[in-house]
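Asks: just coords:
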């Protein structure tokens with residue numbers, strides 16, 4: 001198959017691909033793009049085997065749904081197969097800033113259950129016929145050309161496109177701290193897992209499980225998930241209890257006006273602001289209470305030094321503040337260390353980035369992300385717009401949430417369409 005299409009979204013079944021489809025459909029431009037993905041479902045990161053699998057409630061207010069100007073697509077309006085409305089009362093950004101709501105007035109009914117949001121996204125995609133634009137396959141190479149990109153897929157298929165939207169997500173970039181990598185590499189697979197891995201191959205009921213991570217939402221949600229499966233869970237946390245709040249940072253980071261103003265600042269100034277901005281580790285309200293109720297043993301300020309196989313178990317050596325070094329054995333350890341997106345680790349782009357000397361940030365909180373121009377293109381390459389966390393240095397913390405797809409991407413439509421040579425038929 002050799003296909004010519006103005007624009008290709010790589011990782012097209014994620015939030016950005018679905019949002020792009022909706023934005024184009026509403027403009028009458030459904031024949032101008034392709035969504036390339038090997039996933040069999042929409043928003044695979046939020047599915048039962050994706051990196052968000054341990055998360056019970058998403059930290060996403062209702063403004064981050066896929067309405068995008070069409071109220072009928074709102075999560076508030078959605079009904080599941082039983083006619084229920086599990087997303088009808090999801091909190092707003094205004095409520096997220098209300099101290100009383102955070103501390104006393106909120107409850108689970110105000111949050112978006114991950115499974116319900118995942119089903120909602122499938123339904124939006126189905127009703128808007130997004131599947132008609134999906135090309136199933138894996139990208140093996142993206143080669144720069146004078147007029148755009150030649151995209152190679154598995155099976156020898158090729159797509160020529162003027163513009164790429166890079167929406168590969170966090171799944172390819174799971175993170176293990178460098179100081180752990182030697183013992184992690186040698187530890188038998190049956191004794192270790194990463195929180196991004198799928199469900200355990202065998203039951204963990206009654207087994208001793210250590211969750212290794214910092215005191216962030218990922219660590220606590222993973223611990224709660226394993227406890228719900230009947231495991232005897234110990235959370236070895238590098239930090240104390242997280243700050244509990246509905247939303248992980250001040251909401252002005254996701255206001256469209258503020259996003260545009262931040263992106264318009266000089267690059268040096270943006271990076272200086274990001275370096276000086278302190279966003280404390282946080283989790284949804286009630287997380288610590290849920291952990292105690294689940295019987296999770298919590299060890300704060302624990303720094304794991306080494307893990308080795310001893311008598312078919314994982315022996316963990318760790319320090320706790322000024323106390324003597326501790327040694328414990330577990331049946332399984334789980335690294336709840338999240339992701340560390342590195343643009344040059346995207347395999348099909350590596351050769352193009354090296355050949356064209358596409359620049360990346362080498363230090364600070366935006367390190368390993370691409371240096372983008374004022375419209376969001378990766379410099380020195382044909383038009384390619386890295387999305388999600390790769391936009392962190394340009395738009396700030398909005399890039400790290402669903403706001404990236406539903407509040408940042410709409411601001412980028414005009415330059416993307418211009419690069420692709422696509423003329424809107426209606427606004």
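Replies: Arrived safely. In this text the structure is predicted, and so the values were computed from the model without any measurement.
Asks: so how far is residue 51 from the residue most central in space within the chain?
Replies: Geometric centre of the chain, nearest residue: residue 170, 4.9 Å, by Cα atoms, centre = their mean. In this view, residue 170 and residue 51 are 6 Å apart by Cβ to Cβ, to the nearest Å. C-beta: built from backbone N, CA, C; applies to glycine.
Asks: quick revisit: test my guess that the residue nearest to the centre of the chain contacts residue 388.
Replies: Yes - using Cβ atoms under 8 Å, residue 170 is in contact with residue 388, at 7.4 Å.
Asks: anything in contact with each of those two?
Replies: residue 341 (Cβ atoms under 8 Å, 6 or more residues apart in numbering).
Asks: gap between the residue nearest to the centre of the chain and residue 196?
Replies: Counting by Cβ to Cβ, the gap from residue 170 to residue 196 is 8 Å.
Asks: I'd like the mean pLDDT over stretch 368-383, please.
Replies: When pLDDT is averaged along stretch 368-383, the result is 96.
Asks: Tell me where the protein is predicted with low confidence.
Replies: Low-confidence segments of the chain (pLDDT under 70): 1, 425-427.
Asks: hmm, who's touching the biggest helix by length in it?
Replies: Assignment by DSSP state H gives helix 114-127 as the longest helix of the chain. Contact partners of helix 114-127, identified using Cβ under 8 Å, 6+ apart, comprise 15, 18, 21-22, 41-43, 46-47, 52, 55-58, 60, 65-66, 73, 75, 78, 80, 86-87, 130-131.
Asks: Of those, select the buried ones using a ChimeraX command.
Replies: Restricted to buried positions by 16 or more other Cβ atoms under 10 Å, the ChimeraX selection for the contacts of helix 114-127 reads:
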select :15,18,21,22,41,42,43,46,47,52,55,56,57,58,60,65,66,73,75,78,86,87,130
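Asks: Next step: the contacts of helix 114-127 restricted to helices.
Replies: 15, 18, 21, 22.
Asks: Pretty sure the second one sits against residue 45.
Replies: Put plainly, it is residue 18. No - contact criterion Cβ under 8 Å: residue 18 and residue 45 do not qualify, at 12.0 Å.
Asks: Which residues are in contact with each of these two?
Replies: Counting by Cβ under 8 Å, 6+ apart, nothing touches both residue 18 and residue 45.
Asks: and residue 36, helix, strand or coil?
Replies: strand (DSSP: H, G, I helix; E, B strand; the rest coil).
Asks: For it, list each beta-bridge partner.
Replies: Judged by DSSP bridges, the bridge partners of residue 36 are residue 10, residue 135.
Asks: tell me the contacts of it?
Replies: By Cβ under 8 Å, 6+ apart, the neighbours of residue 36 are 8, 9, 10, 11, 12, 134, 135, 137, 139, 151, 153, 159.
Asks: that older thread, what touches both of residue 170 and residue 51?
Replies: 45, 339.
Asks: Could I get the full set of strands for the stretch 301-427 of the chain?
Replies: 302-310, 313-320, 326-330, 332-335, 384-386 (DSSP state E, counting those that start in this stretch).
Asks: Same list (the ones you listed) but as a markdown table, adding mean neighbour count.
Replies: Output for these, formatted as a markdown table (neighbours: other Cβ atoms under 10 Å):
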| stretch | mean neighbour count |
| --- | --- |
| strand 302-310 | 16 |
| strand 313-320 | 18 |
| strand 326-330 | 16 |
| strand 332-335 | 24 |
| strand 384-386 | 26 |
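Asks: The ones you listed: which one's closest to residue 254?
Replies: Closest to residue 254 of those, according to Cβ to Cβ: strand 384-386, at 18.7 Å.
Asks: contacts for that closest one?
Replies: 142, 149, 163-166, 343, 369-370, 372, 376-378, 412, 416.
Asks: buried ones in stretch 226-238?
Replies: Across stretch 226-238, burial judged by 16+ other Cβ under 10 Å covers 226, 227, 231, 232, 233, 234, 235, 236, 237, 238.
Asks: on contacts alone, who are the packing partners of the helix or strand the second one falls within?
Replies: Element membership of residue 227 [criterion: DSSP states H and E] is helix 217-228. Helix 217-228 is packed against strand 208-213, strand 232-237, strand 282-283, helix 287-293, with contacts defined by 3 or more Cβ pairs under 8 Å, 6 or more residues apart in numbering; DSSP states H and E.
Asks: give the contact list for residue 350.
Replies: Applying Cβ under 8 Å, 6+ apart, the residues near residue 350 are residue 344.
Asks: now it: how far from residue 356?
Replies: Applying Cβ to Cβ to residue 350 and residue 356 gives a distance of 11 Å.
Asks: Now for residue 380: which residues touch it?
Replies: By Cβ under 8 Å, 6+ apart, the contact list for residue 380 reads 356, 357, 358, 359.
Asks: Filter those residues down to the buried ones, PyMOL style.
Replies: One line in PyMOL is enough to select the buried members of those, burial here meaning 16+ other Cβ under 10 Å:
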select buried, resi 358
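Asks: Mind listing what's buried along stretch 403-420?
Replies: 403-413, 415-417, 419-420.
Asks: Can you tell me what sits against it?
Replies: Residues outside stretch 403-420 that contact it (Cβ under 8 Å, 6+ apart): 6-7, 14-16, 18-20, 23, 29, 32, 63-66, 68, 161-163, 165, 254, 256, 259-260, 263, 375-377, 383, 385, 387-389, 391, 395, 398-399, 423-424.
Asks: quick revisit: tell me which of the strands of the stretch 301-427 of the chain sits nearest to residue 218.
Replies: Of these, the one closest to residue 218 (Cβ to Cβ) turns out to be strand 332-335, at 10.0 Å.
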